[in-house]
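S.K.: sharing a sequence plus its predicted fold:
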Amino acid sequence: MKLKKFGATEQRIYDLVKPITDELEYYLWDVCYEKEGAMWYLRIFIDRDEGITIEDCEKVTEPVNKILDETDPIQQQYMLEVGSAGLERDLVKEEHFEVCRGDKVRIRFIRSIDGEKETAAVLKDADKSSVTVIGEDGEEHTYQLADIAFVRLWFEFE
């Protein structure tokens, strides 16, 4: 199950970077290759239990830069960014949903459902077509992936 489909470039980069992050004992959360304005960005999001520091990003950037220079998998010019997946990270792959069961998530809908554009709830389960959560009302709610714009971890700041 995947909310966001990898393009061929993202998959190629993921396959190149995964052995590097595994060896350095980081979790490769996601790879995004996207255009913003006139510039292309290759963003690699990493994680680990202790959290991510600038030094962690630097540690991953060096070998990633090297393999990208050697293999040259992207023809146009791009900006490489290696960073933390963040507290309110997108859940886009099956393993993200597995790891985050029991955590609070925010779901934004493509169009209103029962008069709401988004909801915050505890993630119970997900499969190839739906996401099931337990709402603040204690009730179980199931939403179809086709109706969801995104699912993100939700962190409440005090």
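M.R.: Perfect, I can see it now.
S.K.: over to R89: give its phi and psi.
M.R.: In terms of degrees, to the nearest 10, the main-chain angles of R89 are phi -80, psi 150.
S.K.: spatially nearest residue to it, not counting backbone neighbours?
M.R.: With sequence-adjacent residues excluded and distances taken as CB to CB, 6 or more residues apart in numbering, R89 is closest to L153, at 5.5 Å. C-beta coordinates here come from the backbone N, C-alpha and C atoms, glycine included.
S.K.: show me what secondary structure element comes after the one helix or strand Y41 maps to.
M.R.: Assigned by DSSP states H and E, Y41 belongs to strand 39-47. Downstream of strand 39-47, the first helix or strand assigned by DSSP H and E is helix 54-71.
S.K.: how far does that following helix sit from its chain's centre?
M.R.: Offset of helix 54-71 from its chain centre (CA atoms, centre = their mean, to the nearest Å): 19 Å.
S.K.: remind me what it packs against, helices and strands.
M.R.: helix 8-23, strand 39-47, strand 79-84 (3 or more CB pairs under 8 Å, 6 or more residues apart in numbering; DSSP states H and E).
S.K.: confidence score at the residue nearest the centre of the chain?
M.R.: The geometric centre of the chain, computed from its C-alpha atoms, lies nearest to D90 (CA atoms, centre = their mean), at 4.2 Å. Reported pLDDT at D90 in the predicted model: 92.
S.K.: settle this for me: it is touching A149, isn't it.
M.R.: No - because the distance of 10.4 Å does not satisfy CB atoms under 8 Å, D90 is recorded as not touching A149.
S.K.: list the contacts of stretch 88-104.
M.R.: Outside stretch 88-104, the residues that touch it by CB atoms under 8 Å, 6 or more residues apart in numbering are 1-4, 29-30, 45, 47, 105-106, 120-126, 131, 150-156.
S.K.: what strands flank the one helix or strand R106 maps to, and is each parallel or antiparallel?
M.R.: R106 belongs to strand 104-113 when elements are defined using DSSP H and E. Strand 104-113 has the following strand partners under DSSP bridges: strand 116-126 (antiparallel), strand 148-153 (antiparallel).
S.K.: distance between that strand and the chain's centre?
M.R.: On the basis of CA atoms, centre = their mean, strand 104-113 sits 16 Å off its chain's mean C-alpha point.
S.K.: who's the residue nearest to R89 bridged to?
M.R.: Partner residues in beta bridges with L153, using DSSP bridges, are V105.
S.K.: give the contact list for it.
M.R.: 87-89, 91, 100, 103-106.
S.K.: domains of the chain?
M.R.: 8-84, 94-153 (automatic domain parsing).
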